[in-house]
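> The following comprises the amino acid sequence and a computationally predicted model.
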Amino acid sequence: MSAVALIATRKGLFKLTEHQTIEPVGFSGVPVTMMLASKHHARWYAALDHGHFGTKFHASDDEGVHWQELTAPAYPKQDDKEDGDSLKMIWSLEFAKGESSNELWAGTIPGGLFYSNDGGNSWQLNQTLWQYKQQQQWFGGGFDEAGIHSICVDPEDSNKVSIAVSCAGVWVTENGGESWNNQSKGMRAEYMPPEQAGDPLIQDPHRMVQCPSDPEQFWVQHHNGIFVSSDGTKSWQEVESVEPSAFGFATVVHPDDGNTAWFVPAVKDECRIPVDGQFVVTRTRDGGKTFEQLNKGLPLGLSYDLVFRHGLDIDATGDQLLMGSTTGNLWLSDNQGDSWQCLSNHLPPIYAVRFIK
Amino acid sequence: MATVIFTKNLERHLSCPSQQVSGTTVREALDNAFSDNDQLKSYVLDDQGRLRKHMLIAVDGSTISDRIHLSDSVNEQSEIYILQALSGG
């Protein structure tokens, strides 16, 4: 029996059952940009991007059998501005006060962080962080506008929340969102002029994860490589000489070992495909000193799979990993990535996978 | 009263029968069409009340020119079609 997971794709939401079968859940044909569920209650959440009709937010109180549309987060009306902000995408969703609560954080494009204290029935924009976005030159990474894709709620103190923004680096609050600090020291941005490379506000962390058992330990898959922090994001150290590439989008950390993390490498910038067409996962067990390349069960021939930011997840035991690609392939590993089993070659492009923990 | 006609593709997501509404501009007509239906409004207009990027409105055979303020004129015989723009895929 494997863990149950949800799979968000360009053409709907799917479920990986405990018998390793894949079942459609809903929203057939509609891009699902993020979802959230917990073992602790039956309420599931799904964020949709209709393209024509905008971003929508849905909830189910019976584990995906029936869904109702709730009010999506909205940006304040700005009557004096013709180009005022509008919700483009819900890119990240997390429980704000533990997985049994109905308090939620939602990270969005164009860069606003929203909070709900009623299970997504209503949302409040975090104005403090939004003021920074308005005053500073946050810019898009992968999309036209800036976006919050990673929200790490500290497992020991839910008032401490770390978020990652493409592109505005890492931001941390220790008081539930009343105040924020940029904590991107040590990151570098090759895509800007050399004198700006260390500017914390232009960093492009593609994905950030926090170790549940060692909350000071964070990993970031950044546009310019892999970075690790062992002091709760106060400083970041670049992990160099990672083969076949330090570029990628996704990362996960072992829940009980902050020195063990996984990445899915690709060629950066110019083509974004696996290096030499060889699809591998990389794993470090020593905090980034060394990496293994894992490919048992992954395609041996030329492959053009790319794994997006949320396309890799790890279960609560740290043994099972689930990975979905832009090519609609879905793989499961039950031995920490030593080997992989392909569960489907025929899903739509996969945006996100999440074990229901 | 002008007639507001929604793309049938919207019916998949929510009920949106044609409506007879008053108004001298597209904005006034849509304000009346959406007066008790914020959910329908959110499928056509964005957070700022502008026409969504990949939506299209045609009045009496012409695509409206003011997508922000929706100031294009309508009359009592107007047909206001709310459609998906092909730019949205």
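Perfect, I can see it now. Numbers count the residues shown, from 1 in each chain, chains lettered A, B, ... in the order given.
> what about A:Ala352, distance to A:Gln183?
Relative to A:Gln183, A:Ala352 is positioned 25 Å away (Cβ to Cβ, to the nearest Å). From N, CA and C alone the C-beta is placed, and that goes for glycine too.
> So which of these two has more stuff around it?
Per other Cβ atoms under 10 Å in any protein chain shown, whichever of A:Ala352 and A:Gln183 has more neighbours is A:Ala352, with 26 against 21.
> Wait, the more buried one touches A:Leu322, no?
No - in this structure, A:Ala352 is not within contact of A:Leu322 by Cβ atoms under 8 Å, at 10.3 Å.
> Enumerate every residue touching the residue of the stretch 201-350 of chain A at minimum distance from chain B.
Nearest residue of the stretch 201-350 of chain A to chain B, counting by Cβ to the nearest Cβ: A:Pro349, 13.3 Å away. Counting by Cβ atoms under 8 Å, 6 or more residues apart in numbering or on different chains, A:Pro349 makes contact with A:9-11, A:325-328.
> Just the buried ones from those residues?
Buried residues within the contacts of A:Pro349, defined by neighbour count using 16 or more other Cβ atoms under 10 Å in any protein chain shown: A:9-11, A:325-328.
> Same list (those) but as TSV, adding pLDDT and secondary structure.
Rendered in TSV, the data for the buried ones among the contacts of A:Pro349 read as follows (pLDDT from 0 to 100; DSSP: H, G, I helix; E, B strand; the rest coil):
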residue	pLDDT	secondary structure
A:Thr9	98	strand
A:Arg10	98	coil
A:Lys11	98	coil
A:Ser325	98	coil
A:Thr326	97	coil
A:Thr327	96	coil
A:Gly328	97	coil
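> From A:Pro200, how far out is A:Phe308?
Distance from A:Phe308 to A:Pro200, by Cβ to Cβ: 24 Å.
> more neighbours, those two?
A direct count of neighbours by other Cβ under 10 Å for A:Phe308 and A:Pro200 places A:Phe308 higher, at 22 against 18.
> residues contacting that one?
Going by Cβ under 8 Å, 6+ apart, the list of residues near A:Phe308 reads A:249-250, A:326, A:350-352.
> Beta-bridge partners for the most centrally placed residue in chain A, please?
Most central in chain A under Cα atoms, centre = their mean is A:His310, positioned 4.0 Å from the mean C-alpha point. Beta bridges link A:His310 to A:Ala352, judged by DSSP bridges.
> Which pLDDT value belongs to it?
Per-residue pLDDT puts A:His310 at 98.
> cool, A:Met1 as well?
59.
> ditto for A:Gln137
A:Gln137 is given a pLDDT of 87.
> Give me the residues contacting the host helix or strand of A:Lys15.
Using DSSP states H and E, A:Lys15 falls within strand A:12-16. Residues outside strand A:12-16 that contact it (Cβ under 8 Å, 6+ apart) are A:2, A:4-7, A:22-30, A:32, A:35, A:46, A:64, A:322, A:330, A:332, A:343, A:347-348.
> 7 Å - rerun?
A:4-7, A:22-30, A:32, A:35, A:46, A:64, A:322, A:343, A:347 (Cβ atoms under 7 Å, 6 or more residues apart in numbering or on different chains).
> And stretch B:9-18, by the same measure?
A:53, B:3-6, B:39-40, B:43, B:84.
> Please enumerate the helices of the chain.
Let's take chain A. With DSSP state H, the ranges of helices along chain A come out as A:127-135.
> To clarify, I was referring to chain B.
Under DSSP H, chain B gives helices at B:26-33, B:38-44.
> Only the buried residues of the shortest one, if you could.
Within helix B:38-44, the residues that qualify as buried are B:39-44, counting by 16+ other Cβ under 10 Å.
> ok, now stretch A:335-343?
Of the residues in stretch A:335-343, those buried (16+ other Cβ under 10 Å) are A:336-337, A:340, A:343.
> try stretch B:17-35
Under 16+ other Cβ under 10 Å, the buried positions of stretch B:17-35 are B:19, B:21, B:23, B:25-34.
> Quick one: distance of that stretch to the chain centre.
Computed by Cα atoms, centre = their mean, to the nearest Å, the chain-centroid distance of stretch B:17-35 equals 8 Å.
> what's the span of that stretch from first residue to last?
14 Å (Cα to Cα, to the nearest Å).
> Could you do stretch A:123-131 as well?
End-to-end for stretch A:123-131, by Cα to Cα: 17 Å.
> ok, and what's touching that stretch?
With Cβ under 7 Å, 6+ apart, stretch A:123-131 has contacts from A:73, A:75-76, A:106, A:112-116, A:171, A:177-180.
> near chain A, which residues of chain B show up?
Within chain B, the residues that sit near chain A (Cβ under 7 Å from any Cβ of the partner chain) are B:13, B:39, B:42-43, B:46-49, B:52, B:54-55, B:68, B:84, B:88-89.
> Could you turn the buried ones of the contacts of strand A:12-16 into a PyMOL selection?
Selection of buried members from the contacts of strand A:12-16 for PyMOL, criterion 16+ other Cβ under 10 Å:
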select buried, chain A and resi 4+5+6+7+22+25+26+27+30+32+35+46+64+322+343+347
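> Count residues in the vicinity of the nearest residue to B:Val26 once chain neighbours are set aside, would you?
Excluding its sequence neighbours, the residue lying closest to B:Val26 (Cβ to Cβ, 6 or more residues apart in numbering or on different chains) is B:Leu70, at 4.1 Å. When neighbours are counted by other Cβ under 10 Å, B:Leu70 registers 20.
> Touching, B:Leu70 and B:Ala29? I think so.
No - taking contacts as Cβ atoms under 7 Å, B:Leu70 lies outside contact range of B:Ala29: 8.6 Å.
> Now do the contacts for the closest residue to A:Thr327 other than its chain neighbours.
Nearest in space to A:Thr327, with sequence neighbours left out and distances taken as Cβ to Cβ, 6+ apart, is A:Asp305 at 4.7 Å. By Cβ under 7 Å, 6+ apart, the contact set of A:Asp305 is A:274, A:279, A:325-327, A:329.
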